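Peer 1: sequence first, then the predicted structure:
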Amino acid sequence: MSSEGGNPHAMRDPRSQHPRPPFPRQPQNAPGEERRMDPPADHGEESYRGAGRLPGRKALVTGGDSGIGRAAAIAFAREGADVAIAYLPAEETDARAVAKLIEAAGRKAVLLPGDVSDEAFCGKLVSDAVAQLGGLDILVNNAGKQTAVDSIAELTTEQFDATFKTNVYAMFWITKAALPHMKPGSAIINTSSIQAMQPSPALLDYAPTKAAILNFTKALAKQVMEKGIRVNAVAPGPFWTPLQPSGGQPQEKVEKFGGETVFGRPGQPAELAAAYVLLASQEASYMTGECISATGGMTPF
Ligand code: NAD
Ligand code: MG
């Protein structure tokens, strides 16, 4: 936590605003848990101030239990939205913590555990979200699987398949199920990555999924404006989330995580919240098929 109380909008040096490497090695199993992060990540719990940008909206955020999705869920609630989050059953503790924060903002929280790599679950996820929220105006496809493997020789068909199912097929299935429920003014936001443009050699399955997400975003944006729906992407660089120490990076890279950026540190999920809020809100009424990136100054977009 690094807002240090006070005014979150006060001018500060971004290089020293959040923790810098070295970080301790901290292996954990996938899906990683937020409560095991050292140092803990900042999701805007102490700093995000809503300004009524999403009054009465109904949002579904996949992977909303931790990391970037948690920051978006907190910000959406503080902007006036009711929020459903999807996550894996093993992440119940993280999910309940997010529900408390949504409820503390005076909004409804809906918890929808399950595996998005399963098409049938994706359909049920959307119908449960619609039923419990009373509609759907904002969809954030953010759940993701990242497992580093050094060589194509060791990359299994099972992993390749699971990464594509979780990152790409789930986005397709959830979006397809959600669109009939979304009215003009609704927004879809997909989480891509710097990996879409600058792939790491050990992410031979993951990086292409992030390129597919960006491309899908741009194609779908052109298709669904006839319904008045906007579709955009967010492309993070290195962010301090459980995805990384739970197999997304080898532990020697976790120690140095974010050190290669011009900031000399990773981003914190809180530093992406405003991007998701902007794309979800009516303030982005002329933005579709776009990508907001926060790559640590490595800017390939
Ligand atoms: P995270 O681990 O906090 O979030 C990922 C979430 O995906 C998990 O919380 C989990 O709930 C969900 N998930 C994974 N497999 C699932 C499955 N089969 N069914 C249901 N849910 C599943 O990590 P994060 O970094 O916040 O990841 C969010 C998104 O950001 C991902 O799409 C990731 O690819 C992307 N991203 C992260 C970084 C980074 O450096 N952290 C950089 C670029 C892009
Ligand atoms: Mg999680």
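Peer 2: Yep, it's here. Ligands and ions are numbered 1, 2, ... in the order given.

Peer 1: alpha carbons only for contacts and neighbour counts from here, please
Peer 2: OK.

Peer 1: what residues sit buried inside the longest helix anywhere in the chain?
Peer 2: Counting by DSSP state H, the longest helix found in the chain is helix 206-224. Using 16 or more other Cα atoms under 10 Å as the test for burial, helix 206-224 gives 206-218, 220-221.

Peer 1: which residues touch it?
Peer 2: 145-147, 163-164, 167-168, 190-193, 195-197, 199-200, 229-233, 288-291 (Cα atoms under 8 Å, 6 or more residues apart in numbering).

Peer 1: drop anything exposed from the residues you listed.
Peer 2: 145-147, 163-164, 167-168, 190-193, 195-197, 199, 229-233, 288-291.

Peer 1: can you count the residues close to Arg12?
Peer 2: Other residues lying near Arg12 total 9 when counted by other Cα atoms under 10 Å.

Peer 1: I meant to write Glu154 there.
Peer 2: If you count neighbours by other Cα under 10 Å, Glu154 ends up with 9.

Peer 1: count of neighbours near Ala270?
Peer 2: For Ala270, the count of nearby residues is 26 (other Cα under 10 Å).

Peer 1: quick one: contacts for it?
Peer 2: Ala270 touches 42-44, 48, 68, 71, counting by Cα under 8 Å, 6+ apart.

Peer 1: the longest helix of the chain and ligand 1 in contact?
Peer 2: No: Helix 206-224 is not in contact with ligand 1 by Cα under 6 Å from any ligand atom; minimum separation 7.2 Å.

Peer 1: look at the closest residue to Pro245 other than its chain neighbours and tell me its secondary structure.
Peer 2: Distance criterion Cα to Cα, 6 or more residues apart in numbering; nearest residue to Pro245, sequence neighbours excluded, is Pro27 at 5.4 Å. Secondary structure assignment for Pro27 (DSSP: H, G, I helix; E, B strand; the rest coil): coil.

Peer 1: what residues does Pro27 make contact with?
Peer 2: Neighbouring residues of Pro27 by Cα under 8 Å, 6+ apart: 245-247, 251.

Peer 1: show me the two of those that sit farthest apart.
Peer 2: Ser246 and Gln251 (9.0 Å; Cα to Cα).

Peer 1: looking at the two, which is more packed in?
Peer 2: Per other Cα under 10 Å, whichever of Ser246 and Gln251 has more neighbours is Ser246, with 22 against 18.

Peer 1: for that one, what are phi and psi?
Peer 2: For Ser246, the backbone dihedrals (degrees, to the nearest 10) come out as phi -100, psi 30.

Peer 1: mind checking how far Lys183 is from ligand 1?
Peer 2: For Lys183, the distance to ligand 1 equals 25 Å [Cα to the nearest ligand atom, to the nearest Å].

Peer 1: my guess is that residue contacts Lys227, does it?
Peer 2: Yes: using Cα atoms under 8 Å, Lys183 makes contact with Lys227 at a distance of 7.4 Å.

Peer 1: flag every residue of the stretch 201-301 of the chain that's near ligand 1.
Peer 2: With the criterion set to Cα under 6 Å from any ligand atom, the stretch 201-301 of the chain comes near ligand 1 through 236-243.
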